[in-house]
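Chemist: Below are the sequence and a predicted model; questions follow.
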Amino acid sequence: MPPLVQEAIDRASREGFTQSCDPAVGRLLAVLAAHLRAGARVLELGTGTGVGTAWIASALLPRADVTVVTVEKDLGIAALAAQGDWPDFVELRCADALTVLVGAGRFDLIFADAQGGKWEGLDRTIAALAPHGMLIVDDMTAKAHLDSEQRARQRQVRKTLLTSPLLTSVELRYGSGVILSTRRL
């Protein structure tokens with residue numbers, strides 16, 4: 001386990017935060033991040049305590065030629081993530097994801113793991129993908145504890161990603177259930 005990841009998992013455990021990035025999804029994020037070219041931009045929507053961010057940053061180290069922006073709406077949770085010893089290329093923002101998406105530019109890799117940008121405003125997330133940029137959306141496996149509204153939203157996200165003419169997508173039965181998409185030109 002990379003040290004940054006273990007530290008973020010420990011923060012989550014200490015604080016009782018249970019919505020951290022699934023370990024399998026984290027490994028997939030690391031593979032995708034390690035593939036990025038120099039000058040690439042990464043956006044994570046939903047920092048939590050920083051587990052997903054840590055997987056991404058760990059895969060990039062010792063490089064410093066990629067920018068990682070991670071956004072957490074909840075001030076208390078964002079403060080937990082800020083306790084991490086992040087590399088200089090990681091920028092933590094406490095903000096609403098949908099607001100950030102409006103003026104943040106284009107990204108080569110986006111991990112949508114927050115209410116805003118995933119369950120709401122997915123069109124803004126897709127618009128923020130650079131040509132050939134990759135989008136990873138997790139939590140796509142239906143769970144028994146989801147209510148009918150949550151299931152409907154999950155179905156809508158799946159439909160949008162798998163049928164968008166802007167994307168080439170694949171659904172993976174991996175981790176918490178992943179849809180991986182690449183932006184066409």
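Modeler: That came through fine. Keep in mind it's a predicted model, so treat the numbers as computed, not measured.

Chemist: Grab the longest helix from this structure for me.
Modeler: For the chain, the helix with the greatest residue count under DSSP state H is helix 148-163.

Chemist: any idea which helix or strand comes after that helix?
Modeler: Later in the chain than helix 148-163, the nearest helix or strand by DSSP states H and E is strand 167-172.

Chemist: follow-up on the earlier one: just want the angle from the longest helix of the chain to strand 167-172.
Modeler: 120 degrees (axes from the mean of the first three to the mean of the last three C-alpha atoms, to 10 degrees).

Chemist: Kindly export helix 148-163 (C-alpha atoms) in CSV.
Modeler: Provided in CSV are the C-alpha atoms of helix 148-163 (Å, rounded to 0.1, in the frame of the first residue of the first chain):
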residue,chain,number,x,y,z
SER,A,148,-35.8,3.7,-5.8
GLU,A,149,-34.6,7.3,-6.4
GLN,A,150,-30.9,6.3,-6.0
ARG,A,151,-31.4,3.4,-8.4
ALA,A,152,-33.1,5.6,-10.9
ARG,A,153,-30.2,8.1,-10.8
GLN,A,154,-27.7,5.3,-11.1
ARG,A,155,-29.5,4.0,-14.2
GLN,A,156,-29.5,7.5,-15.7
VAL,A,157,-25.8,7.9,-15.2
ARG,A,158,-25.1,4.5,-16.7
LYS,A,159,-27.4,5.3,-19.7
THR,A,160,-25.7,8.8,-20.2
LEU,A,161,-22.2,7.4,-20.2
LEU,A,162,-22.9,4.3,-22.3
THR,A,163,-24.9,6.1,-25.0
